[in-house]
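> Fold the following for me, if possible:
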Amino acid sequence: MARGQAESLFPMLEELMGEADTVWQELDAIGVGVGPGNFTGIRISVSAARGLALSLGIPAVGISTFEAIFHIAGRPSGRVAVFLPARKDSAYFQIFAGGRPQGPAFLEPDGLPRDPQWAEAVKAVVGPGDDGRCRQVAIELGRASEGPVPEQLVVDGLNEQAKAITAIAAGRFGSRNERPKPLYVRPVNAAPARGAPPAMLP
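Have a look, this model is predicted:
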């Protein structure tokens, strides 16, 4: 959706709640995707989740797109490269090992990781789509590490990502979690506000 994201969000949520035959007051927690992704869309979704959580008195749990994709793939063991296509043929990457992210996410401008140290011992590549990108990434990782081409696990579907975010958040909301905030891998390209910042609630 290129425009009207903010205006469309709550009507969509109301429709979803109706389909689930539930009301806001019955929620125990809110799971929200924090990106990486579209700057505006991520800011809107995270702000909405935090506002709802505050008004309902329940926790909001932020889940990265990398975590959701990794979950959809069945949480493969070993050292796993998770990637997400970005604009202009670039791609976001993050390594998982032992079922958890290892180090920060990063952006490759041409969409292919070539750092031998990063590529070493990667057993599988997980990414969305069936356009061949997953295999391209796996081949480049094998070349960079001078080892075998990692297994390719292709995942797809926004609905599946939403289900994964829900499942991960359900397993976390009883523990201590920071308030969700957008996961920015690239620098934010928006100009800062000129006025005084608003007071932040605890």
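
> Quick one: the strands in this protein, in order.
In the chain, the strands defined using DSSP state E lie at 30-33, 60-63, 79-85, 91-97, 100-108, 122-128, 151-155.

> What pairs with the first one, parallel or antiparallel?
Applying DSSP bridges, strand 30-33 is found paired with strand 60-63 (parallel).

> contacts for the partner strand?
Strand 60-63 is contacted from outside by 29-34, 46, 49-50, 52-53, 164-165, 168-169, 172-173, 177-181, 183, using C-beta atoms under 8 Å, 6 or more residues apart in numbering. Any C-beta I mention is one placed from the backbone N, CA and C, and that applies to glycine too.

> related to what we said a few turns ago, tabulate the strands of the chain (a markdown table), appending mean pLDDT and mean neighbour count.
Formatted as a markdown table, the strands of the chain follow (pLDDT from 0 to 100; neighbours: other C-beta atoms under 10 Å):
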| stretch | mean pLDDT | mean neighbour count |
| --- | --- | --- |
| strand 30-33 | 95 | 23 |
| strand 60-63 | 96 | 24 |
| strand 79-85 | 95 | 22 |
| strand 91-97 | 96 | 22 |
| strand 100-108 | 94 | 14 |
| strand 122-128 | 95 | 24 |
| strand 151-155 | 95 | 18 |
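
> For residue 144, which of those is the nearest?
strand 122-128 (9.2 Å; C-beta to C-beta).

> okay, now residue 41: neighbour count?
Residues lying near residue 41 (other C-beta atoms under 10 Å) number 17.

> Quick one: residues contacting the nearest residue to it once chain neighbours are set aside.
In space, residue 41 comes closest to residue 5 once its chain neighbours are excluded; the distance is 5.5 Å by C-beta to C-beta, 6 or more residues apart in numbering. Under the criterion of C-beta under 8 Å, 6+ apart, the neighbours of residue 5 are 40-41, 44.

> what's the closest of those residues to residue 84?
The nearest one, if we look at the contacts of residue 5 relative to residue 84 and count by C-beta to C-beta, is residue 41, at 13.8 Å.

> got the strands of the chain as a markdown table, with distance to residue 21 columns?
Shown next, in a markdown table, are these (distance: least, C-beta to C-beta, whole Å):
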| stretch | distance to residue 21 |
| --- | --- |
| strand 30-33 | 18 |
| strand 60-63 | 22 |
| strand 79-85 | 33 |
| strand 91-97 | 36 |
| strand 100-108 | 35 |
| strand 122-128 | 31 |
| strand 151-155 | 29 |
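
> Find the residue at the geometric middle of this protein.
Nearest to the geometric centre of the chain sits residue 65, at 1.4 Å (C-alpha atoms, centre = their mean).

> Quick check: that residue vs residue 146, distance?
Separation of residue 65 from residue 146 (C-beta to C-beta, to the nearest Å): 30 Å.

> one step back: and the strands of the chain: which comes nearest residue 199?
So among the strands of the chain, strand 60-63 is nearest, using C-beta to C-beta, at 19.4 Å.

> re earlier: now render the contacts of residue 5 as TSV, adding distance to residue 15 and pLDDT.
Listed next are those as TSV, based on distance: C-beta to C-beta, whole Å; pLDDT from 0 to 100:
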residue	distance to residue 15	pLDDT
40	22	87
41	18	88
44	17	93
